[in-house]
Structures are given as structure tokens and as C-alpha cells.
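K.L.:
Structure for this input, please:
(one chain, ligands or ions: 3)
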Amino acid sequence: MLLTIQKFNLAVLLVVLSVLYAIFIDYYYEQRDKMASVVLESLKDDMSELSYILSKTIENKEQLGSTRAVLDRSVSNNDFIAAIMVLDDNNVLLTTDPHYHKAPSKIDLYKEERSSPYNKLIGQKGVEGVIRFYKGPQLQTLNLLFLLDQEELATYFSENKTKSIFYFGLSPVLILLITGLILHYFLGKPLEKLRQFAYYQSEIPKAFRLKELEAIRASMVQTFQRLDSEKNELYQMARTDSLSGLANRNALEEYTHRLIADASRSQKEFAFLFLDLDYFKSVNDAFGHNIGDELLQSIASVIREELRSNDFVARVGGDEFVIVLHQYNSLAELIGIIERVQQCLTRTWVVQSHPINITSSVGIAIYPKDGTDNVSLMQHSDIAMYEAKKAGRAQYHFFTKALNIKVQKTIALDKAMRDALKHNEYELYYQPKTDVQTGAIVGVEALIRWISPTEGIIPPLTFIPLAEENGFIIELGEWVLSEAIRQQKRWSEEGLDIKVSINVATKQLLSAHFEKNFVTLLDENDVERSKIDVEITEYLFLEQNKNNLQVLKMIHDQGVTISLDDFGTGYSSLSYLKKFPIDNLKIDKVFVDDYNTPEGAVFLETIVKMGQTLDMDIVAEGVETEEQLAYLKEIGCNIYQGYLCSKPLPAEELAQFFIRMRDQQKDRG
Ligand code: C2E
Ligand code: CA
Ligand code: CA
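P.N.:
Residues are numbered from 1 along each chain as shown. Ligands and ions are numbered 1, 2, ... in the order given. All right, here's what the predicted structure looks like:
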């Protein structure tokens, strides 16, 4: 059976209490009997004294009445005697009080079997004694009777009773109190500690397996669980904005703090955007706060939907939001996201059948260059946001001047680049690919040029990377593809058998309509498939896209060859050379430049050998000197490309160059 602490304490107190009261009661009866004995003793003394006086009086033949005064004195001296009688059997010979003139019955009188001295006194009429005397030689007796004053006796004993209870009944209570305190401090307190121990350790020591402890522990576990869930609820409440359900300032601070810790470790940047709705106050003024709130809710959920789940959005004020972006690879991509968010907010919202037009202004601070903590990022993005407002709203603004300029340039370039396609400002130049051993031109690579009426010839490296980022490369690439294929057709119609290599960006290759487009172009122009080559880069293999293999197979199945461009600069894993249908490897210029260093030479020779093993043609790019060419010839490289042979040329010039070279070859042959 399990013992509870409370029961145990109670039992201890009860035992102590009953022992104390037993002692007290025993003591009380003993005291009472002692007092009764004293009273009895005094009565006996009086009795023996008076019986002596009376027997002497009778023997001296004096009148019994003459003792009356002595008897009266005894009565008045002893409080417990009400009256004294002298009896001869039942005849009253003398009485001190005329009220008592009849002898009481024997039963009411002193009885020997009454054991305790107290019982000999209380409830008894009187105490009887014997007067012995000689009448001549004859011994005769009379009875002397003390009638007891019961009232007096009762008050005497009850006085004592109250005193006893007062002095002795109180002490157990005090003792009990002290015992209780001792139990509390020496049993309760240590057990309390044990309870805590039991709570934190799920295993209770066997020695303490008390029912109580288990119950307390269980209830504490429950309580803590409830507190935990309440705490979580409060935590969530403290972190979310009740109107929009987005994160609030607290959560933003916490998030930025964590992100800064991560970003500083990995030395990455992130963008802190401050988005403010334009003229939102007037919405509230015109339609009331209810509609304003409803609009804010819709806007919040649209922003949330427009971003990826990894991006962070918080509502930090009435119509102010903070967006933190950390997954973008370039400024152009970042701008793309910002523009997308702004665009999806810029529309006519309908709230309770009221059409409302909204635009937004965004300020951007970049960690770490525009701020390294939450406060400075907040301030600087806010300042940038005001710049956007000043510039006429519905736009974004970077905190850093240089960035703003760069962004302005990017935007301008973006626009100009797209316009250039409409205005036919692009042109393809062609650079020969030459056989290392024979010097014969085996093909050309089409390289785009932007012939700007104002800026002159713009090289592809100024606009191709941006076009790749913002997706314009798909459109531009289609133009290149169609232009290059048509050029091949034109040349072949002119009797010039020139294979054309076309650079195709990864984005373009993986774009939705590439396959169909490509095949259509080949069919429409009716080109000889083997006279077309597609140059791809290693980035294609990085894409976790199932289509990358499929699209290459399609190209290859058409009979078009595939060259892997800039080989060695990317994420060279040789495994994909086997997996993908690749015909040619183009060794990047940096390795060709290094041909005369030991490492460069080892690299080149290894690639060439590998190409021979895999039955691929190796094309060396950027060959500028005879020495480089001699070296390539020595190690058995097949083809080269470079200024040594020719710079990229417009189609017309290339054709002339091709004819010249062909004729030279013929002359030699
Ligand atoms: P790429 O495909 O590696 O093209 C080779 C680049 O090296 C060309 O630069 C070419 O002019 C240059 N080059 C060739 N021989 C020499 C040499 O001996 N010395 C030096 N210093 N350079 C040499 P370009 O035309 O400026 O093109 C740069 C890059 O732009 C290309 O690199 C290619 O990635 C891209 N590109 C050009 N046209 C197109 C295009 O039509 N579509 C796509 N997607 N990308 C293109
Ligand atoms: Ca190329
Ligand atoms: Ca290249």
C-alpha cells in the first residue's frame, strides 16, 4: 500500500496527541484523587477528635448537649461539612442544623466498595464514624455523622478542573504545533526538493516511490506542458502581425540577426527591401479603415505568394513591409524579383466592390555594404525608399549611389538591347576554325556583334551575360540560330561549303520551344545537317534538368554535331563526356596561353590524348602565335581558332577569306 505524506503527518500528529492526552488525563485523575484524599483525611481527623470528645463527655455522664458548641465550631471550620449528627441507630440524638433532623438512609452513606477517594466524597450524603464509650463495664456505641456540603465540594473540584485544563490541556496543543513545524521542516521541505528532482528526472528513485510524489510529478509535467504550449502560442503571437498574418518587427529582427550570422560566416550578401505602398493613407481616408485593412491583407498574401518560401516578409508598419532576399545570383536577378513584386501589386484591387489602384515604392539596402545590423539596414532601406518616393513613386531605389548608377545602366542596357533586336542592329561575325595539320578552314564560329548607330560595335561580353540573366537570350538566341543557319544555306548556294558553329546558351537550349524551333529552321532552310555545329557550355550539365540530355540527343539525332565550349573553365567532371553525345572539345584560351608552362602543357596534352581516346576533335581556342600552333601540331591537336588565322569577320569578308584560303590550299595541293 502506498503511503501519502499527508496521511503520514496526520498519523504522527494523532499519536502524539493521544499520548499527550492520556498522560494529561491520568495526571488529572491522580491530582483529583490526591485532593479528595486530603479532604477525606481532614474529615477523618475531625471525626476522630470529635468522637473522642463525645465519648469522654458521655463517660463523664455530662449532657450530650454540652458538646454542641464544639460540633458547631467543627462545622464552621470545615467548609465541606454541612452539618454534624449524633445518631443512636436511627434516632437523632443531636444535630448542628435543625434542618437535618432525620437520619439519612444507610445506602446514601459511605460505602467501602467505592474505591477512589474522589468517589468516596462526590455524590455521597455523608461520612459516618463511631463513638465508643463504656457504660459501666459495657462497651456501647453511637454513630457520628458528618453530612457533606456537596455544593462546596463541587465548586472545589470544578475550580481545580478549569485550572488543570487551562494549564495542561493547552500544552499538548503547543507541543502539537511544534511537532507540526518540525515535520514540515524536516520532512516536508526535503520531500519538496525530492519532488523537483522527480520532475526533472523522469525516473523516480525506488526508495521514494511514494504515490504522492508520482501524482505531483505527473501534475507538474502536465502543468509544464500546458505552460509550454501557452508559451509557444504567446511566442507565435508575439512574432506575427495580427492583421496580415505575416511576421512582425520582432520576428524580422530575429530573422535578420540569424541571417547576418550565417551571411557573415559564408561571406554572402543579402538584400533588405523596404516596401511602402504609395498614397495608402488616402485609401484609408476615402474608404475607411475596414477597407484599408482588407486591402492590406490581400496585398500581404499576394506578396507572400509572389516570393519563394525561403524569402522573408514582414509587415513593420501600417502600409510598410520588409522583404529579405538572400537567394539571387546577380543584381539583374534581384531587380527581376523586385520588379515582379512591384508589378503584381500595381493593379486595380477590388475591395468590397470598391476599385482601388495601388503602386509601391521600394528601398533596397544590401548587407554588408549598406549595413551590418538590423537597425542600419532598416534605416538605409527606409532612406532609399524615400528616394524612390521622391523620384516619383512606383519605383525602387538602392541605398548605394554606385549601385543605383549600375542599376540605371543595367536597366538602360536591358532596354537598348531589346530595342536593338527590333531595329536590326545585330550582326553575326564569323571566325574560321582551321585544321592544325593542313591549315585548311574546316568551319566557322558565328559570334554576335551589336552594331550600335551611336556606340559603334559593342562586343558580346557587355550584353550577353545580362541577356542570359534576364532571359532575353532566348529571343536573341533564336535570331542568331536562324541567321546562322540561313547564312550557311546562302554560302552553300554560293558553292561555299562552310560548316557553321552556333553558340547556344543553356537557358535557350532548355527553353520551351527550342527543339521545335531548331528542327523547323533546319527543315525550312533545308541545310545539310552535318554542316551545322552547336556550341554548348558545361553549365548545361549543372542544371538539374532531365531535359538537358534529351535536348542534346535530339540535336545529335538530327545529324548536327555538338561542341563543348570553354572546356576546363567550368565544373569539369569527365563523367558527362561519356554520358552526353559530344563530338568536339574546345579548350579555352587560358590553357592555350599557358602552353609553355609545365602545368599548361600537361593539361593540353592530357586533353588531346583523351580526345583521341574518346574519338573527339579537339579545338584550341585563342591561338595567336606560330609557337602555339607549332606546339599544338606537335601534340596532335586537330583544330585551332584564333587571331593567328583570323579575327571574327562579317559574313561577306569571311567568304572572301575562305575563298582565298581555299585557293591557296588548291595551289599548294
Ligand atoms: P566564345 O564562344 O568562347 O567565343 C570565343 C571568343 O574568343 C570570341 O569573343 C572571340 O572573338 C574571341 N577570340 C577568338 N580568337 C581569339 C584570339 O586569338 N585572341 C583573343 N583575345 N580572343 C579571341 P567574342 O566574339 O567577344 O565572344 C565572347 C563570348 O560571347 C563568346 O565566347 C560566347 O560565349 C559569347 N557569344 C558570342 N556570340 C554569341 C552568340 O551568338 N550566342 C551566345 N549564346 N553567346 C555568344
Ligand atoms: Ca563559342
Ligand atoms: Ca570558347
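
K.L.:
only C-alpha atoms for contact and neighbour calcs from this point on.
P.N.:
Noted.

K.L.:
Output the lowest mean pLDDT helix or strand found in the protein.
P.N.:
None of the helices or strands of the chain scores lower by mean pLDDT, DSSP states H and E than helix 189-200, at a mean of 70.

K.L.:
does the residue nearest the centre of the chain sit in a helix, a strand or a coil?
P.N.:
With distances taken as Cα atoms, centre = their mean, residue 232 lies nearest the centre of the chain, 7.9 Å away. Per DSSP: H, G, I helix; E, B strand; the rest coil, the secondary structure class of residue 232 is helix.

K.L.:
do residue 622 as well
P.N.:
Assigned with three-state DSSP, residue 622 falls in the coil class.

K.L.:
residue contacts, it?
P.N.:
Residue 622 makes contact with 588, 589, 592, 593, 640, 641, 642, 643, according to Cα atoms under 8 Å, 6 or more residues apart in numbering.

K.L.:
In strands only, show me these.
P.N.:
residue 640 (DSSP state E).

K.L.:
Emit the ChimeraX select command for whichever of the contacts of residue 622 are buried.
P.N.:
Listed next is the ChimeraX selection for buried residues among the contacts of residue 622, using 16 or more other Cα atoms under 10 Å:
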select :588,589,592,593,640,641,642
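
K.L.:
Within reach of ligand 1, which of the contacts of residue 622 are there?
P.N.:
641, 642, 643 (Cα under 6 Å from any ligand atom).

K.L.:
sorry, back to before: adding pLDDT, write the contacts of residue 622 out as JSON lines.
P.N.:
Listed next are these as JSON lines, based on pLDDT from 0 to 100:
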{"residue": "588", "pLDDT": "92"}
{"residue": "589", "pLDDT": "94"}
{"residue": "592", "pLDDT": "94"}
{"residue": "593", "pLDDT": "94"}
{"residue": "640", "pLDDT": "98"}
{"residue": "641", "pLDDT": "98"}
{"residue": "642", "pLDDT": "97"}
{"residue": "643", "pLDDT": "97"}
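
K.L.:
Of the contacts of residue 622, which pair is most distant in space?
P.N.:
588 and 643 (14.2 Å; Cα to Cα).

K.L.:
other SSEs contacting the strand or helix carrying residue 406?
P.N.:
Using DSSP states H and E, residue 406 sits within helix 401-422. Judged by 3 or more Cα pairs under 8 Å, 6 or more residues apart in numbering; DSSP states H and E, helix 401-422 is in contact with helix 460-470.

K.L.:
could you point out which element follows the helix it packs on?
P.N.:
That would be, after helix 460-470 and using DSSP H and E, helix 472-493.

K.L.:
Sort out which residues of that next one are buried, please.
P.N.:
Using 16+ other Cα under 10 Å as the burial criterion, the residues of helix 472-493 that qualify are 472-474, 476-478, 480-489, 491-492.

K.L.:
out of the residues you listed, who's near ligand 1?
P.N.:
Restricting the buried residues of helix 472-493 to those near ligand 1 - Cα under 6 Å from any ligand atom - leaves 477, 480.

K.L.:
contacting residues around the helix holding residue 406?
P.N.:
331, 332, 397, 398, 426, 450, 452, 463, 466, 467, 472, 476.

K.L.:
now the angle from it to helix 472-493?
P.N.:
Orientation check (axes from the mean of the first three to the mean of the last three Cα atoms, to 10 degrees): helix 401-422 against helix 472-493 gives 40 degrees.

K.L.:
how far is helix 401-422 from where the chain is centred?
P.N.:
44 Å (Cα atoms, centre = their mean, to the nearest Å).

K.L.:
What average pLDDT does whatever helix or strand comes next after that helix get?
P.N.:
Once the chain leaves helix 401-422, the next helix or strand it forms, by DSSP H and E, is strand 426-435. For strand 426-435, mean pLDDT is 98.

K.L.:
Give the next helix or strand downstream of strand 426-435.
P.N.:
strand 441-452.

K.L.:
contacts for that following strand?
P.N.:
Taking Cα under 8 Å, 6+ apart as the rule, strand 441-452 contacts 420, 425-435, 456-460, 480, 484, 498-503, 648, 658, 661-662.

K.L.:
Quick one: buried ones out of those?
P.N.:
Buried among the contacts of strand 441-452 (16+ other Cα under 10 Å): 420, 426-435, 480, 484, 498-503, 648, 658, 662.

K.L.:
Give me the next element, helix or strand, following the biggest helix by length in the chain.
P.N.:
Looking across the chain with DSSP state H, the single longest helix is helix 5-59. The helix or strand immediately downstream of helix 5-59 is helix 68-77, counting by DSSP H and E.

K.L.:
Mind listing what's buried along the helix holding residue 406?
P.N.:
407, 410, 413, 414, 417, 420.

K.L.:
Near ligand 1, which residues of the stretch 551-669 of the chain are found?
P.N.:
Close to ligand 1, as judged by Cα under 6 Å from any ligand atom, the stretch 551-669 of the chain has residues 566, 622, 623, 624, 641, 642, 643, 648.

K.L.:
so how far does stretch 346-356 reach from one end to the other?
P.N.:
The straight-line separation of the ends of stretch 346-356 (Cα to Cα, to the nearest Å) is 10 Å.

K.L.:
cool, and stretch 388-399?
P.N.:
One end of stretch 388-399 to the other measures 10 Å (Cα to Cα).

K.L.:
Next, the buried residues of that stretch.
P.N.:
Buried, per 16+ other Cα under 10 Å, within stretch 388-399: 388, 389, 393, 394, 395, 396, 397, 398, 399.

K.L.:
what pLDDT, on average, does it get?
P.N.:
Over the span of stretch 388-399, the pLDDT mean works out to 91.

K.L.:
One more: stretch 466-475?
P.N.:
92.

K.L.:
next one: stretch 631-638
P.N.:
95.

K.L.:
Contacts for it next, please.
P.N.:
435, 436, 437, 595, 605, 608, 617, 618, 619, 620.

K.L.:
where in this structure is pLDDT low?
P.N.:
Counting by pLDDT under 70, the chain shows low-confidence ranges at 1-3, 106-114, 195-213, 544, 571-573.

K.L.:
Phi, psi for residue 123 please.
P.N.:
phi 80, psi 20 (degrees, to the nearest 10).

K.L.:
what's the nearest residue to it once chain neighbours are set aside in contact with, if anything?
P.N.:
The shortest distance from residue 123 to any non-neighbouring residue, by Cα to Cα, 6 or more residues apart in numbering, is to residue 150 (7.2 Å). Contacts for residue 150 (Cα under 8 Å, 6+ apart) come out as 80, 122, 123, 124, 125.

K.L.:
circling back: and the residue nearest to the centre of the chain, what does it touch?
P.N.:
Counting by Cα under 8 Å, 6+ apart, residue 232 touches no other residue.

K.L.:
Tell me how far it lies from residue 576.
P.N.:
Taken as Cα to Cα, the span from residue 232 to residue 576 is 50 Å.

K.L.:
Then residue 369?
P.N.:
Residue 369 is 39 Å from residue 576, by Cα to Cα.

K.L.:
Can I get the ones next to ligand 1 among the contacts of residue 622 in JSON lines including distance to ligand 3?
P.N.:
Below are the ones next to ligand 1 among the contacts of residue 622 laid out as JSON lines (distance: Cα to the ion, whole Å):
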{"residue": "641", "distance to ligand 3": "10"}
{"residue": "642", "distance to ligand 3": "11"}
{"residue": "643", "distance to ligand 3": "13"}
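
K.L.:
Do I have it right that residue 435 meets residue 639?
P.N.:
Yes - between residue 435 and residue 639 there is a contact under Cα atoms under 8 Å: 4.6 Å.

K.L.:
follow-up on the earlier one: name only those of the contacts of stretch 631-638 that count as buried.
P.N.:
By 16+ other Cα under 10 Å, those give 435, 436, 437, 595, 605, 608, 617, 618, 619, 620 as buried.
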